[in-house]
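Novice: Please work out how this folds:
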Amino acid sequence: MGITGLHHITIVASNAQRTIDFYTQALGLRLVKLTVNFDAPESYHLYFGDETGRPGTAVTFFEWPDAPRGAPGIGGTHHFALRAPTYDALLKWKRRLTDLGIAVNGPLDRHYFTSIYLNDPDGAIVEIATDGPGWSIDESPDALGLAYREPPATMIVRNRDEARIAATTWPEPVPAITAEMALSAGMHHITAIGTDIARTDAFLSGILGLRRVKMTSNFDDPESAHWYWGVGDGAPGTIITYFERKAGREPRVRMGAGQTHHYAFAVPNEDAQLEFREKLLRAGLRVSPVMDRVYFKSIYTNDPDGHIVELATEGPGFAVDEPVEELGAHLMLPPWLEARRNTITARLKPVKLPTEVYWHSPRQQSG
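Specialist: The predicted structure follows:
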């Protein structure tokens, strides 16, 4: 019983309302849980995802009001990617976002998929990536990740053609998010930054049991390594990737708005989680006790460069304390904080919640 894929990513936001508006209205994700940071209940914890916030679709935010802007670096995350089903959907996203006044870079050929990049209101890098063509484009499925694969020279040349890239978009306005372009499939991958790719491989493959599915170089910085790990054949939604950057030349991550607090892998149940906890302890790594997060159980450790890595159970899920049709419509608190509800809500700035989501389901208005 190993890791089944990505579970969620948690990023720092400086303004809860602005974050809600961007991820629901611009990107069409559903706000599936409005709650507080269980460890610091004076601030919001927002969860976005598909209709029920399934593991792998959850993008979450700690609100640190008026937090200074952070910066990526060693021991942090560079970006996270959401899944677009097709290249046409990717072009529609580019047209929709640029028409909304959001700067978009791409589409860029990543050999294994095609991507566009943008920034959320706090500067977090958000990638939208196609599912294919996939890892077996340059090696057989049974040999994934066993040999270094040189970035194709033709791809690098194409990605330097800025005029062509800027001109490539959907020819007509895209005022609404249609079913064929919805980002409800969740995350494609998460990319972090480390200093020793072999040491990172020992952690992800050797301890956590992920499969290395690609060894290549950073396509925008071919002198640095970029490796990918996943579950099985490395399906989108299971992928973690690392850029290797040299200590001394790359600064450490500066935590703040727009930076990832932690990323989480999914494990099937509490028994599997406890097995991982014992394995991490035997390896001499720091690991937290099991933490009750109501919607899942969690343990926390660190990658070799200090990035917080969580292992979270797949269940019980976000519908454990409110009906699916009302997810995200009310401020939900864990049982141990209910007695403090009045005090907690008095410290929170009210937010206006979306009245509909991309599948046009009516939502309750509250604030």
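Novice: So, low pLDDT: which residues of the chain?
Specialist: Residues of the chain meeting the criterion pLDDT under 70: 356-367.
Novice: Could you pull out the helices in it for me?
Specialist: 16-21, 87-99, 153-158, 162-167, 197-201, 270-282, 341-347 (DSSP state H).
Novice: Redo these as CSV? Include mean neighbour count and distance to Trp64.
Specialist: Where you see a C-beta, it was placed from the backbone N, CA and C, and this is true even at glycine. Below are the helices of the chain laid out as CSV (neighbours: other C-beta atoms under 10 Å; distance: least, C-beta to C-beta, whole Å):
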stretch, mean neighbour count, distance to Trp64
helix 16-21, 19, 10
helix 87-99, 19, 26
helix 153-158, 12, 38
helix 162-167, 11, 35
helix 197-201, 17, 28
helix 270-282, 15, 28
helix 341-347, 11, 14
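Novice: Gly248: which of the ones you listed is closest?
Specialist: helix 197-201 (16.1 Å; C-beta to C-beta).
Novice: The closest one packs against which elements?
Specialist: Secondary-structure packing of helix 197-201 (3 or more C-beta pairs under 8 Å, 6 or more residues apart in numbering; DSSP states H and E): strand 221-230, strand 239-244.
Novice: again, only this time at 10 Å
Specialist: Contacts defined by 3 or more C-beta pairs under 10 Å, 6 or more residues apart in numbering; DSSP states H and E place helix 197-201 against strand 187-194, strand 211-218, strand 221-230, strand 239-244.
Novice: can you redo those as CSV with distance to Ile20 and mean neighbour count?
Specialist: CSV is the format used below for these (distance: least, C-beta to C-beta, whole Å; neighbours: other C-beta atoms under 10 Å):
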stretch, distance to Ile20, mean neighbour count
strand 187-194, 19, 24
strand 211-218, 33, 20
strand 221-230, 31, 19
strand 239-244, 27, 24
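Novice: could those strands go into JSON lines alongside distance to Leu331?
Specialist: Formatted as JSON lines, the entries for the helices and strands packed on helix 197-201 read as follows, by distance: least, C-beta to C-beta, whole Å:
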{"stretch": "strand 187-194", "distance to Leu331": "26"}
{"stretch": "strand 211-218", "distance to Leu331": "40"}
{"stretch": "strand 221-230", "distance to Leu331": "36"}
{"stretch": "strand 239-244", "distance to Leu331": "32"}
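Novice: Redo the helices of the chain as JSON lines? Include distance to His330.
Specialist: Written out in JSON lines, the entries for the helices of the chain read as follows (distance: least, C-beta to C-beta, whole Å):
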{"stretch": "helix 16-21", "distance to His330": "14"}
{"stretch": "helix 87-99", "distance to His330": "30"}
{"stretch": "helix 153-158", "distance to His330": "48"}
{"stretch": "helix 162-167", "distance to His330": "44"}
{"stretch": "helix 197-201", "distance to His330": "41"}
{"stretch": "helix 270-282", "distance to His330": "27"}
{"stretch": "helix 341-347", "distance to His330": "11"}
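Novice: Figure out which of those is closest to Gly5.
Specialist: Distances from Gly5 to each of the helices of the chain were compared using C-beta to C-beta; the minimum, 13.0 Å, belongs to helix 270-282.
Novice: So what touches the closest one?
Specialist: The set of residues external to helix 270-282 that reach it, using C-beta atoms under 10 Å, 6 or more residues apart in numbering, is 1-4, 203, 207-209, 265-267, 285-290, 296-302, 309, 311-315.
Novice: Buried subset of the residues you listed as a PyMOL selection?
Specialist: To isolate the buried ones among these in PyMOL, judged by 16 or more other C-beta atoms under 10 Å, type:
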select buried, resi 3+4+203+207+208+265+266+267+287+290+296+297+298+299+300+301+302+309+311+312+313+314
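Novice: Can you list which of the contacts of helix 270-282 are found in strands?
Specialist: Using DSSP state E, the subset of the contacts of helix 270-282 located in strands is 265-267, 297-302, 309, 311-313.
Novice: farthest pair in those?
Specialist: Pairwise across those, and taking C-beta to C-beta, the largest span is found between Asn302 and Thr313, at 19.7 Å.
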